[in-house]
Every structure is written in structure tokens, then in C-alpha cells.
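Student: Fold the following and give me the result.
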Amino acid sequence: MPAPYDGEARESAARDDRAAHEGILRRQSARESAARTYARALPIVPVRARGLTIEGADGRRYLDCLSGAGTLALGHNHPVVLEAIRKVIDSGAPLHVLDLATPVKDAFTTELFRTLPPALADRARVQFCGPAGTDAVEAALKLVRTATGRSGLLAFTGAYHGMTAGALEASGGAPDVRVTRLPYPQDYRCPFGIGGPRGAELGARWTRSLLDDTKSGVPRPAGMILEPVQGEGGVIPAPDAWLRRMRSLTEERSIPLIADEVQTGVGRTGAFWAVEHSGIVPDVMVMSKAIGGSLPLAVIVYRDDLDVWPPGAHAGTFRGNQLAMAAGAATLTYVRENGLAERAGDLGSRMLGQLQDLAEEFPCIGDVRGRGLMIGIELVDPAAAPAAGVSDLAREPGAGDTLAGDPLLGDPADAPLPAAPDLAAAVRDACLDRGLIVELGGRHSSVVRLLPPLTITDEQAAAVVDRFADALEAVSRDRR
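Tutor: Reported below is the predicted structural model:
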């Protein structure tokens, strides 16, 4: 008799869990704003989490390759993070101190400076901002405008720097442009239709011409802001040589260079900071997400000669979050001492190779790209005609022999296929059905993004790729 009773009890508990899960989602939909995003695509109710794994209120378990949009460098509830938080709470230290000095803050800044490129650390200042990355972007823009006395900004197509007004102006979706937009290099959908080093070089030359042409309509700006890897823009790594060109162009013209490392920082790309791949040293670095060890924290670090703004020029009530600084210091130390950046580079390369092998099997995979554990798979419509691009000039009536035969324009047959956002959404949903949490990015939300924690094991990485492949196979089969 005990066995049937136990079975009935388990079934009853499962029904109760599902009812609680559905009730919470129903109340969220009724109460929260229409601006909610992840909750629409991921109808789960997390109640427990550890490392890569999340358990929902309905009892289902998931492998989390969203990681708080890259916030959870060590995954959920890592022991060193929990211990750091408990230590502060148990000590009786104040949890809110505005910008006063504390031992916790001192430990955080000491560890942060230890991780910086030495040429910046030797003469750096740090500004604690409001707890979101977008506020740190605002601080960086205000800083360079104050220091230079100029107002214009250079930013890049496809950029994402946050959701506040100034950060949105510098992002790719800005509806009211007051920032000069420059082409960001990429291979698959190169703005010049050729990709590779030649495409990146053309973008660099365009930037140089714009800055030096007295009739370009672009006066010398206060700064240039860029992401070493565009995340929301579709996981597009900037070529190292191009980054060095941007550094030299800005340095020669006394234009401060701002590197937005909000999502790329703390080992994500295979180096502690993504700018280290190219060897450049920016004038300002914007940091958030992983530096708080899963808690809200945002800072900018910049050259001391830019530190000219008056007291209170940028402030915020919650810029002194002691728990976040403790968790952040523990995270920075753990990543550094355990070589997690290097491991992210190695494991990410293996995962990229496995996903690129899938592209040979599935024509709906247009491109696989990324750096370290920041990976994107762009899905396309294999039945459609290639997307329009510069190379299509060769097919235009009257294009002439010069255009048609110019290797610079590339082969029209090599033009990328149109993005497939509906397919990407279906694959994301199929991944969730298989216990894998992913999200979408890119120009048309057609890029499936993988942002697992740096602590992911080899076995878990294999499970992620297997579940993604199974989801892709199922969706492809249904659409035949």
C-alpha cells in the first residue's frame, strides 16, 4: 500500500506545483508593465538555482545559458559569493553608505585594479555609479564631455549601451540620432559586402575620413564608445586589428576612447577584459553585470587626467552597495585565481567548433560566431534569395563591367541569406521545452545567444550543444 500512496502524493504535489507556477505567471501578466521582456519568452518561475541549473516552481529543471544576460560569471549561488555576502551581513557592517569609504569597498577596488590592463591601472580613477550598466554609460559620456568641453559622440551600428536616454542615443536602435554612427565591422553581414580584413579596413578608412574631412559635418567629438564584442547586436567580435586602428585614430586626435565592457568583462571572452585580446588600452572602461557577483553594481574606470568634474557631477543613492562589492570582489578574485578567463577561451572554442559542424548539417544556420563563452548562432531562411548587399550592385542594370568584375564587391552568390526571426523564436521555444534557456539577439532577433557561466563543465557544455541540436532538428523537421 505505501507505494501507490506515495505515487498519489507525488502526483498531488506536482499538480499543486503546476497550479502555483501558473498562478504566479498569471498575476505577473496582470500586474507588470508591457515593457517586460524575458518573462514573455521564458514562461518559467525560478525558485532554486545552483551553478548552471535552475529549478522552476513547477519542478522542471533547466540549463541556464542566459546567466542573467551575462551577469552570473560563476553561475547561480556560487559558494564563494554566498560566503562573501554572509560575511558582510554577519559582521554588522552598514549595508548603505552612499560613497563613504569602507573596508569592503577598499577590498573591491583593490581587486578590481589588480585585474585592469597595467597601463590603465597605473593611473586610473574609479567612479561608482548607480547600480545599472546604463548609468555607468551615462557617467562615461558625461565624463568625456566635461573633460574635453566638446559634445559630439562617435558610436557604431548595431551597438547596445543601455536603456536610459543618453545610452540609447549611442545604441543602434536610436530613433532620434544626435550621435555620429560609424560602421561596425562584421564578416557575415558586412556593411560593405565583403567582410574580412578588407571590410574592416574600409570601415577604419571611413572613420578616418569623417574625422579629418573639414566638410564632413562632424566636428571633433567628445569621445568614441564601442563594444569589443557586440552582444545584443548579434554576438559580433570586433577584429583586433580594427580595434587597434580605432585606438590609434582616437589617440592621435585626442578623442577619448570608451570601451563598454558591461557584458564582455570578467573573463567572458577568454581574457579578463575583452580589450586585452587586441592589446589596446582605452581611456574609459564601463563595467557592470559580472563585477557585482550577481548583485547590482556598476562603475567606470578612467585615466586620471580626465578626472576634472566637480563633486556631485555624477552621483546616485545606491552607488555604495556593500553586498555587491563583497560579492564582486569574491568573483573577481575567483575568476583570476582559477584561470576562468583562459578556460572560457578554450571551452568556447570547442563549443564554436561543434556548432560550426552543425552548420554543415543544417542550412538554416547562416553563421556561428563569438569569442570565449559569448556565442551566437544566426538563423536564416535557406529557401529565400540572398539578402541585398553591396555585391548586388554587380547585378543591377547598367552596373557596367567595372562593377561586375570588381573583386572588392564580392561574389553575389556569397551574399548572406535573409534573417529568420520566426525560426529563431521557434528554436528558442524548443530549447526551453528541452530544459535549455537561451535568448535571442541580433538585428532581427534571429541570433540564438549562449552565455553560460564560466564555471560550466565539459559535460554540461556537451549537454547544451546536444539540446540545442535536438531543438534545431525538431523545428527544422516540423517546417519541411
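Student: burial measure for V229, as a count.
Tutor: Residues near V229, counting by other CB atoms under 10 Å, number 23. C-beta: built from backbone N, CA, C; applies to glycine.
Student: Same check on G199?
Tutor: Neighbours around G199, by other CB under 10 Å: 23.
Student: The one 3 residues further on now?
Tutor: Residue crowding around L202 was assessed by other CB under 10 Å; the count is 18.
Student: tell me the contacts of the closest residue to it other than its chain neighbours?
Tutor: Spatial nearest neighbour of L202, chain neighbours left out: F192 (4.9 Å); criterion: CB to CB, 6 or more residues apart in numbering. F192 sits next to P183, G199, L202, G203, V390 when contact means CB atoms under 8 Å, 6 or more residues apart in numbering.
Student: Looking at those residues, point me to the pair that's furthest apart.
Tutor: For these, the farthest-apart pair by CB to CB is G203 and V390; their separation is 12.7 Å.
Student: between the two, who's got more neighbours?
Tutor: G203 (24 against 18).
Student: Leaving out chain neighbours, which residue sits closest to the more buried one?
Tutor: Using CB to CB, 6+ apart, the nearest residue to G203 is P183, at 4.4 Å.
Student: Surely that neighbour is in contact with L154?
Tutor: No. The pair P183 and L154 fails to qualify as a contact (CB atoms under 8 Å) at a distance of 11.4 Å.
Student: any idea how far the residue nearest to L202 is from L297?
Tutor: According to CB to CB, to the nearest Å, F192 stands 39 Å off from L297.
Student: Over to H96?
Tutor: H96 is 14 Å from L297, by CB to CB.
Student: Next, show the common contact partners of these two.
Tutor: Between them, H96 and L297 share the contacting residues N321, judged by CB under 8 Å, 6+ apart.
Student: Specify which residue of these two has the higher count of neighbours.
Tutor: Using other CB under 10 Å as the criterion, H96 and L297 rank with L297 on top: 30 against 11.
Student: Look at that one and give its secondary structure.
Tutor: What DSSP: H, G, I helix; E, B strand; the rest coil gives for L297 is coil.
Student: For it, list the residues it contacts.
Tutor: P131, S288, I291, N321, A324, M325, G328 are the contacts of L297 under CB under 8 Å, 6+ apart.
Student: After the helix or strand of the chain with the lowest mean pLDDT, which helix or strand is next?
Tutor: Least confident helix or strand, the chain: helix 400-404 with a mean of 43, by mean pLDDT, DSSP states H and E. On the C-terminal side of helix 400-404, the closest following helix or strand by DSSP states H and E is helix 421-433.
Student: Pull out the buried positions in that following helix.
Tutor: For helix 421-433, the buried set under the neighbour-count rule, 16 or more other CB atoms under 10 Å, comprises P421, L423, A424, A425, A426, V427, R428, D429, A430, C431, L432.
Student: and if you look at stretch 273-290?
Tutor: 273-278, 280-290.
Student: Quote the end-to-end distance of that stretch.
Tutor: In stretch 273-290, first residue to last residue: 12 Å (CA to CA, to the nearest Å).
Student: what does the average pLDDT come to for it?
Tutor: The average pLDDT within stretch 273-290 is 97.
Student: Output stretch 248-255 as PDB, restricted to C-alpha atoms.
Tutor: C-alpha atoms of stretch 248-255 as PDB (Å, rounded to 0.1, in the frame of the first residue of the first chain):
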ATOM      1  CA  SER A 248      45.300  55.000 -32.900                       C
ATOM      2  CA  LEU A 249      42.700  57.200 -34.700                       C
ATOM      3  CA  THR A 250      41.300  58.400 -31.400                       C
ATOM      4  CA  GLU A 251      44.600  58.800 -29.700                       C
ATOM      5  CA  GLU A 252      46.100  60.800 -32.500                       C
ATOM      6  CA  ARG A 253      43.200  63.200 -32.400                       C
ATOM      7  CA  SER A 254      42.800  63.500 -28.600                       C
ATOM      8  CA  ILE A 255      39.400  61.800 -28.700                       C
END
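Student: now it: mean pLDDT?
Tutor: On average, stretch 248-255 scores 97.
Student: I'd like the distance from it to the chain centre, please.
Tutor: Its chain's C-alpha centre and that of stretch 248-255 lie 26 Å apart, by CA atoms, centre = their mean, to the nearest Å.
Student: How about stretch 378-389?
Tutor: On CA atoms, centre = their mean, the centre of stretch 378-389 falls 25 Å from the chain's centre.
Student: Show me which positions of it end up buried.
Tutor: So for stretch 378-389, counting by 16+ other CB under 10 Å, buried means E378, L379, V380, D381, G389.
Student: Now the fourth one. Its backbone dihedrals?
Tutor: Yep, that's D381 we're talking about. With angles defined as degrees, to the nearest 10, D381 sits at phi -100, psi 100.
Student: these two touch, right, it and A424?
Tutor: No. D381 lies out of contact with A424 (CB under 8 Å); the separation is 10.7 Å.
Student: Need the distance between the two termini of stretch 452-464.
Tutor: With CA to CA, one end of stretch 452-464 sits 9 Å from the other.
Student: And that stretch, what's buried?
Tutor: P452, P453, L454, T455, I456, Q460, A461, A463, V464.
Student: from those residues, which two are the most distant?
Tutor: L454 and A463 (16.6 Å).
Student: could you pull out the strands for the stretch 101-250 of the chain?
Tutor: Secondary structure of the stretch 101-250 of the chain by DSSP state E, counting those that start in this stretch: the strands cover 124-128, 153-156, 180-182, 223-226, 229-230, 236-237.
Student: could you dump the buried residues of helix 421-433 to TSV with pLDDT?
Tutor: Conversion of these to TSV gives the following (pLDDT from 0 to 100):
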residue	pLDDT
P421	97
L423	97
A424	97
A425	97
A426	97
V427	98
R428	98
D429	97
A430	98
C431	98
L432	97
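Student: what sits against the closest residue to G133 other than its chain neighbours?
Tutor: Distances taken as CB to CB, 6+ apart put S288 closest to G133, at 3.3 Å, once the chain neighbours are dropped. By CB under 8 Å, 6+ apart, S288 lies in contact with P131, A132, G133, A136, V262, L297, A298, V299.
Student: Tell me who's in contact with the first one.
Tutor: So the one you mean is P131. Neighbouring residues of P131 by CB under 8 Å, 6+ apart: S288, G292, P296, L297, A298, G316, F318, R319, N321, A324.
Student: if you set the cut-off to 6 Å instead, what comes out?
Tutor: P296, L297, A298, F318 (CB atoms under 6 Å, 6 or more residues apart in numbering).
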